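Peer 1: Here is my input; please provide its structure:
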Amino acid sequence: MISHSRRHCVVELQALPCRIGQIRRIVSAQLRHWQLDPLIDRAALGVTELLSNVHRHAQPDKTCTVEIELRLGRLTVSVIDSDPRLPVLREVRAEALETCGRGLALVEAVSEAWGARNRSDGSGKVVWFSLRAAPASAPPARPVRISAKPVREPARTAIVAVEPGAVPEPLPVAASASLSASASLSASASAPASASASATAPASASAPVSASVGIRPG
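Peer 2: Residues are numbered from 1 along each chain as shown. As a prediction, this is how the structure comes out:
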């Protein structure tokens, strides 16, 4: 059975090899949901070792409960079983061939703190370890390239302030047409007058001139 709240998750199971892998995946998914991706590997390794100890040493049965709690910036993973005997961390030598006690050594190596205590009602024990919670860092922002095309601005219209009397007003079309017609008529009328004047000038020049001569009597 799985029950969880916003920052608390509880899983009850039989500590069998086929179930330990499932619990490891559940823990990983829960930490990913809480955005604690940097803690997934260490938390999954620690809970695997604690469940393996229950499978090897717990009596009279392998029933246990896994609790995951996030509080005040710290993640705590606990395994509760029905065996009241507390585990003992043994000093493991590099050349030692025995495998007993190595689980707790790994838990101590991957965690910041760990411990074991008996339950208040005497029905079993609790083995736990804790990690400092650090939210997953956001991926670095990638630069976005924007190709800017030149934009042609429309031609600007110049507005000049002019005084009303500085610019002559244009004449109407009808007035300008009548002026042109009267000018043409005046020119045609003056042309014959000039011609007649030039024609009469030689006639006056060729007219005989009468002169009176006085003769004194002899």
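Peer 1: Does residue 65 belong to a helix, a strand or coil?
Peer 2: Three-state assignment for residue 65 (DSSP: H, G, I helix; E, B strand; the rest coil): strand.
Peer 1: Helix or strand for the nearest residue to it once chain neighbours are set aside, just tell me which one.
Peer 2: Spatial nearest neighbour of residue 65, excluding adjacent residues (C-beta to C-beta, 6 or more residues apart in numbering): residue 80 at 4.4 Å. Heads up, the C-betas are built off the backbone N, CA and C, glycines and all. Remark: residue 80 resides in strand 74-81, with elements defined by DSSP states H and E.
Peer 1: Output the next helix or strand after that strand in PDB with nothing but the alpha carbons.
Peer 2: Once the chain leaves strand 74-81, the next helix or strand it forms, by DSSP H and E, is helix 102-110. The C-alpha coordinates for helix 102-110 follow below in PDB (Å, rounded to 0.1, in the frame of the first residue of the first chain):
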ATOM      1  CA  ARG A 102      28.500  -3.800   4.600                       C
ATOM      2  CA  GLY A 103      25.000  -2.400   4.100                       C
ATOM      3  CA  LEU A 104      25.200   0.000   7.000                       C
ATOM      4  CA  ALA A 105      28.700   1.100   5.800                       C
ATOM      5  CA  LEU A 106      27.200   2.000   2.500                       C
ATOM      6  CA  VAL A 107      24.300   3.800   4.100                       C
ATOM      7  CA  GLU A 108      26.800   5.800   6.300                       C
ATOM      8  CA  ALA A 109      28.900   6.600   3.200                       C
ATOM      9  CA  VAL A 110      26.000   8.000   1.000                       C
END
